[in-house]
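Participant: Pasting the sequence and the predicted coordinates here, then a few questions.
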Protein chains: 2
Amino acid sequence: MNTIPHITDAEWEVMKELWNKSPRTANEVIEALQDRTDWKPKTIRTLLNRLNQKGAVSFLQEDRVYAYYPLVSEDECVRAETRSFLKRIYGGAFKPMFVNFLKDEQLSEEEIRELKRLLDDKTK
Amino acid sequence: MNTIPHITDAEWEVMKELWNKSPRTANEVIEALQDRTDWKPKTIRTLLNRLNQKGAVSFLQEDRVYAYYPLVSEDECVRAETRSFLKRIYGGAFKPMFVNFLKDEQLSEEEIRELKRLLDDKTK
DNA sequence: CTCTTTGGATTACAAGTGTAATACAAATAT
DNA sequence: ATATTTGTATTACACTTGTAATCCAAAGAG
């Protein structure tokens, strides 16, 4: 039942704020986003509205003002996005993506050890 | 100069066919996609057209028929998409994504060994 | 009590996308 | 030479997304 709504790029920025701390009023979210974006307040209100309509957030009414909070966790959204990305680009397989990434990116010795450690933990 | 055009989900399916083998006529692409999708031939022609317009593919005229081929490599598209995905969801860092994926997915012993081997190769 | 401000609700509007159908010209069949 | 088929070009149309502006009601200012 708990289908995760699709969150667009712009909406994602708003969600990040709410995942970071919630509930927060529209104005609080707007202020928080002033640094990272150049969106007008109205734009951010639109995004909050759409997120509400698609069931990604809800709000409490404090005074005359809404305080929004997420209805979907960052974790599940991240996983959903990752899965759909992997499916689209790599046919769902992690390994090719991993290989490709390794080709592309140069990781430090330390990072490589780190990743191996993570794999080790997985074995147990 | 070589900016990679944005390739949509549907277009990506078409590109996969052309990356797989090219040049191919519209009809060949259409036939190849009959299995994997339920798109009408006209739809696929539209996609080929759009890909052409955005500079992702071009074509040779054979007889009266176009044979399409990619202008952008799978590799660069995949990398571009991966980067933008990582940026959007994980703030650009690979490790959190890796961690998250490991949490989510159960890999076989063999797969884990495989990944470790890949990391080993990287060290040399 | 009216005037202004402010927050939420509604509306806007162009570009991009999914998903085709229609129009047209050339090749083919008759 | 026409009629039909077939491939390409053009057009369609609703939904999503980015990016707001306008409308309206309630709260606060005077």
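Facilitator: On my side now, so go ahead.
Participant: all helices for chain A, in order.
Facilitator: A:9-20, A:26-36, A:41-53, A:74-90, A:94-104, A:109-123 (DSSP state H).
Participant: Just the buried residues of the third one, please?
Facilitator: By neighbour count, and taking 16 or more other Cβ atoms under 10 Å in any protein chain shown as the criterion, the buried residues in helix A:41-53 are A:44, A:45, A:47, A:48, A:50, A:51. Heads up, the C-betas are built off the backbone N, CA and C, glycines and all.
Participant: Including pLDDT and distance to residue A:13, could those go into TSV?
Facilitator: Output for these, formatted as TSV (pLDDT from 0 to 100; distance: Cβ to Cβ, whole Å):
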residue	pLDDT	distance to residue A:13
A:44	98	9
A:45	98	14
A:47	98	8
A:48	98	11
A:50	98	13
A:51	98	11
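Participant: ok, and of those residues, which contact DNA strand C?
Facilitator: The residues of the buried residues of helix A:41-53 that also fall near DNA strand C, by Cβ under 7 Å from any atom of the strand, are residue A:45.
Participant: Mind putting the buried residues of helix A:41-53 into CSV with distance to residue B:67?
Facilitator: Output for the buried residues of helix A:41-53, formatted as CSV (distance: Cβ to Cβ, whole Å):
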residue, distance to residue B:67
A:44, 48
A:45, 50
A:47, 44
A:48, 49
A:50, 43
A:51, 45
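Participant: before we move on, the earlier item: and the helices of chain A, which one averages the lowest pLDDT?
Facilitator: Lowest mean pLDDT of those: helix A:94-104, a mean of 81.
Participant: hmm, that helix touching chain B?
Facilitator: Yes. With Cβ under 8 Å from any Cβ of the partner chain as the criterion, chain B is reached by helix A:94-104 at A:94, A:95, A:97, A:98, A:99, A:100, A:101, A:102, A:104.
Participant: got the contact list for that helix?
Facilitator: Here helix A:94-104 makes contact (Cβ atoms under 8 Å, 6 or more residues apart in numbering or on different chains) with A:86, A:89-90, B:75, B:78-79, B:82, B:94, B:98, B:101, B:105, B:107, B:111, B:114-115, B:118-119, B:122.
Participant: ok, of those, which come out buried?
Facilitator: A:86, A:89-90, B:78-79, B:82, B:94, B:98, B:101, B:107, B:114-115, B:118-119, B:122.
Participant: which two in these are spaced the farthest apart?
Facilitator: B:79 and B:107 (23.4 Å; Cβ to Cβ).
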